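Trainee: Dropping the sequence and predicted coords here.
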Amino acid sequence: MNRIVRLIAVGLLFAVTTPASADPGAMPAAAQAAKPMRVVVQVSENDPKVWNLALNNARNAQKDVGAANIEIEVVAFGPGLGMLRDDSLVANRVEEAQAAGVHFVACRNTMQAQHLTEAEMIAGIGYAQAGVIEIIKRQMEGFAYLRP
């Protein structure tokens with residue numbers, strides 16, 4: 001009997017001392033709705049079909065939930081860096097996506113390996129020393145990961 005009483009007491013103590021915020025499901029619906037979705041998109045292939053798919057994913061996500069309700073960052077590195085060159089086959093679409101609020105980040109390590117300068121890249125993009133580290137940082141910040 002004493003053991004049962006102790007278990008009930010411990011359970012009550014746990015219930016009283018555990019904050020509701022420890023359970024993400026306990027967050028009020030209004031607070032959940034106000035928090036924008038966040039996604040980081042990896043582009044590491046030298047393939048315009050993949051580039052267009054990434055851009056379509058971004059556009060469709062914004063269309064589905066509203067551009068104000070989602071933060072999208074596209075990180076290009078390795079062979080995928082060609083997507084962010086100013087002479088890219090999708091440069092116009094990247095600029096349209098930028099105007100709609102999509103952020104693009106180029107890997108400086110890849111730029112150095114390919115002997116590219118910022119002048120050769122689409123205006124307004126961001127830069128990270130290492131694209132893979134940028135993706136890891138974003139995931140640690142709670143961004144969902146997408147690789148089209």
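Mentor: Happy to help now that I have it.

Trainee: Student question: in this protein, what's the helix or strand with minimum average pLDDT?
Mentor: helix 2-17 (a mean of 42; mean pLDDT, DSSP states H and E).

Trainee: By residue count, tell me the biggest helix in the protein.
Mentor: helix 48-65 (DSSP state H).

Trainee: Quick one: distance of that one to the chain centre.
Mentor: Centroid separation between helix 48-65 and its chain, computed with C-alpha atoms, centre = their mean, to the nearest Å, is 13 Å.

Trainee: Strands of the protein, start to end?
Mentor: Under the criterion DSSP state E, the chain contains strands at 37-43, 70-76, 103-107, 126-128, 144-146.

Trainee: Now do the first one against strand 70-76, angle only.
Mentor: Using axes from the mean of the first three to the mean of the last three C-alpha atoms, to 10 degrees, the direction of strand 37-43 lies 20 degrees away from that of strand 70-76.

Trainee: Just the buried residues of strand 37-43, please?
Mentor: 39-43 (16 or more other C-beta atoms under 10 Å). To be clear about C-beta, it is placed using only N, CA and C from the backbone, and glycine gets the same treatment.

Trainee: unless I'm mixing things up, L81 is touching M111, no?
Mentor: Yes - using C-beta atoms under 8 Å, L81 is in contact with M111, at 6.8 Å.

Trainee: ok, so what distance separates the closest residue to N69 other than its chain neighbours from A68?
Mentor: In space, and not counting its chain neighbours, N69 is closest to P36: 5.2 Å by C-beta to C-beta, 6 or more residues apart in numbering. Per C-beta to C-beta, to the nearest Å, P36 is found 7 Å from A68.

Trainee: For those two, indicate the residue with more neighbours.
Mentor: P36 (13 against 9; other C-beta atoms under 10 Å).

Trainee: How much space separates the more buried one from P79?
Mentor: 31 Å.

Trainee: try V65
Mentor: Distance of V65 to P79, given as C-beta to C-beta: 30 Å.

Trainee: Same question for K35.
Mentor: For K35, the distance to P79 - C-beta to C-beta - is 34 Å.

Trainee: between the two, who's got more neighbours?
Mentor: A count of neighbours by other C-beta under 10 Å puts P79 above the other of K35 and P79, at 15 against 10.
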